[in-house]
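*Asks:* Compute the structure for the input listed below.
(chains A and B)
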Amino acid sequence: MKPARFEYAAPDTLREAVSLLQQHADEDVKILAGGQSLVPLLNMRMARPDLLVDLNRIEELQYIREEGDWLAIGAMTRKRAVEESELVRRRQPVLLAATQLVAHPQIRNRGTVGGSMAHADPAAEYPALALALDAELRALGPGGERTIAAQDFFQSYLTTALEPVEVLTEVRVPVLAAGTGWSFVEVARRHGDFALGGAAATLRLDPGGNVSEARVVLFAVGPTPIRITQVEEMLTGERPAEALFQEAGRRASQEIEEPLSDVHATAEYRRNLAGVLTGRALREAVERAGAERGGER
Amino acid sequence: MTTQQRVRLTVNGVSHEASVDPRTTLADFLRGELALTGTHVGCEHGVCGACTVLLEGRAVRACLMLAVQADGANLMTVEGLEDHGNLHPIQEAFVEEHGLQCGFCTPGFLMTVHELLRKSPDPSDAEIRDALGGQICRCTGYLAILRSVRLAAAKLRDSHVAGSTQHS
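*Replies:* This next block holds a predicted model:
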């Protein structure tokens, strides 16, 4: 296989990248990040851009920094760097867990944080993580920089709020607040495959042991990751118990729209899976929240 | 018409310079331009792992990189494993434990294992399985490969203890 012909530019700076996008605004331009999703599309000629703007030479986009209660991650930071980061391990374990579920080490050696966000595959882990943690996404365009909240960023299947002339520059993830229990789980046919379903949950317990705050996000069950607010509301104020988790799972599987049916799984299977994973994620998040409170429960 | 681009890179310690069409994948470049046909091309979309090579010591899919992106890079392919006609301990281990049958997937496995054992000289089975999860073998059923990796790890640890040949 061989990609269709394209022009290729590999700017050294972010400014150059943006001005290239601006100069070629009337052409089909694709930004090349880690290439682990785009190059397959090129190889199969499902994408036939006129111009590829490769961000791999832009060193200023590769970093992981702690900024107060946030981790600021350069868009071209490899997933493997996230996985190996002591800072991430210490400050944001949900990000580490989600990263380890992305494909295989060989893919994570190239795949980038920003690339996964901008590609916005509905079965991908990072968009779900961003939504679950209220991440922020920074983009630079000809008009300057702007910050987009994760809930506004993922708009549809492979579609984000980014303008064609904008480059995603940074992903900002809040560090995990003390006392927060969390879980990030998925089911795939084989480890490293795209998920047939996935769930992320964060949760806090009040001094009495009741749920004071819950966040539940499902992915691979619709065109974007989705917050299941009905379940979040249902959990708030309740005492965690097996029956509650099961009811949450039932609600979650009803709340989602008709899932995809394909050779990997039927819609019915996926709907059921969404409920099962919701229950699993909540069970694990409660356990972790309990452990954080010094094993009072 | 796309302009050709110059690339300069080091593969298995040898410098190369060539002119490439930007749409040429690194896998095709290694095989077609440099005649390093040990890097096998299977699925060509990153799933099978046969084309895995080392880029600055990291295992990556050569089918998911463009040759132009490797400008200035230091690469290692399966041809770089042997040392003056002697098999690398990882290769010896695959032979001794029957970690291959048809051999098509083997170059990718060897490069993946090379990265794994450099970072983790005494890996658990879970670590080995995690690293090998990105490589597909249709012959062996993987258990012989798992044994090969364990043996390779032991051989490399021994050779480091003995302070013998430096295997990069």
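*Asks:* Show me which residues of chain B are close to chain A?
*Replies:* B:1-3, B:5, B:21-25, B:28, B:44-46, B:49, B:52, B:55, B:58-61, B:63-66, B:68-69, B:112, B:115-116, B:130-131, B:133-135 (CB under 8 Å from any CB of the partner chain). All C-beta atoms are positioned from the backbone trio N, CA, C, and that covers glycine.
*Asks:* Write a PyMOL command that selects only the buried members of those residues.
*Replies:* Buried members of the residues of chain B next to chain A, defined by 16 or more other CB atoms under 10 Å in any protein chain shown, are picked up in PyMOL with:
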select buried, chain B and resi 5+21+22+23+24+25+28+44+45+46+49+52+55+58+59+60+61+63+64+65+66+68+69+112+115+116+130+131+133+134+135
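*Asks:* can you tell me which residues contact residue B:132?
*Replies:* Contacts for residue B:132 (CB atoms under 8 Å, 6 or more residues apart in numbering or on different chains) come out as B:109, B:112-113, B:142, B:145-146, B:149.
*Asks:* any idea how far residue A:30 is from residue A:223?
*Replies:* When distance is defined by CB to CB, to the nearest Å, residue A:30 is 21 Å away from residue A:223.
*Asks:* more crowded one of the two?
*Replies:* The neighbour comparison of residue A:30 against residue A:223 (other CB atoms under 10 Å in any protein chain shown) goes to residue A:30, with 18 against 15.
*Asks:* quick one: contacts for that one?
*Replies:* By CB under 8 Å, 6+ apart, the residues touching residue A:30 are A:38, A:47, A:49, A:51-53.
*Asks:* try 10 Å
*Replies:* Residue A:30 makes contacts with A:6, A:38, A:41-42, A:47-54, A:164, as judged by CB atoms under 10 Å, 6 or more residues apart in numbering or on different chains.
*Asks:* which SSE is it in?
*Replies:* Using DSSP states H and E, residue A:30 falls within strand A:29-32.
*Asks:* Residue B:10 now?
*Replies:* Using DSSP H and E, residue B:10 maps to strand B:5-11.
*Asks:* where do the helices sit along the chain?
*Replies:* Since you didn't name a chain, this refers to chain A. Using DSSP state H, the helices of chain A run over residues A:14-23, A:38-43, A:79-83, A:86-91, A:93-100, A:105-108, A:113-119, A:125-133, A:150-153, A:229-235, A:242-255, A:267-292.
*Asks:* I was after chain B.
*Replies:* Secondary structure of chain B (DSSP H): helices at B:26-28, B:89-96, B:106-119, B:125-132, B:143-162.
*Asks:* from the chain's centre, how far out does stretch B:51-71 sit?
*Replies:* Its chain's average C-alpha position is 10 Å from that of stretch B:51-71, according to CA atoms, centre = their mean, to the nearest Å.
*Asks:* quick one, domains of chain B?
*Replies:* B:5-80, B:89-162 (automatic domain parsing).
*Asks:* would TSV of those domains with mean pLDDT be doable?
*Replies:* Shown next, in TSV, are the domains of chain B (pLDDT from 0 to 100):
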stretch	mean pLDDT
domain B:5-80	98
domain B:89-162	96
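*Asks:* quick one on the thing from earlier: which strands and helices sit next to the strand holding residue B:10?
*Replies:* Contacts defined by 3 or more CB pairs under 10 Å, 6 or more residues apart in numbering or on different chains; DSSP states H and E place strand B:5-11 against strand B:14-20, strand B:74-76.
*Asks:* thinking again about what came up before, quick one: closest of the helices of chain A to residue A:140.
*Replies:* Proximity to residue A:140 (CB to CB) singles out helix A:14-23 among the helices of chain A, at 5.7 Å.
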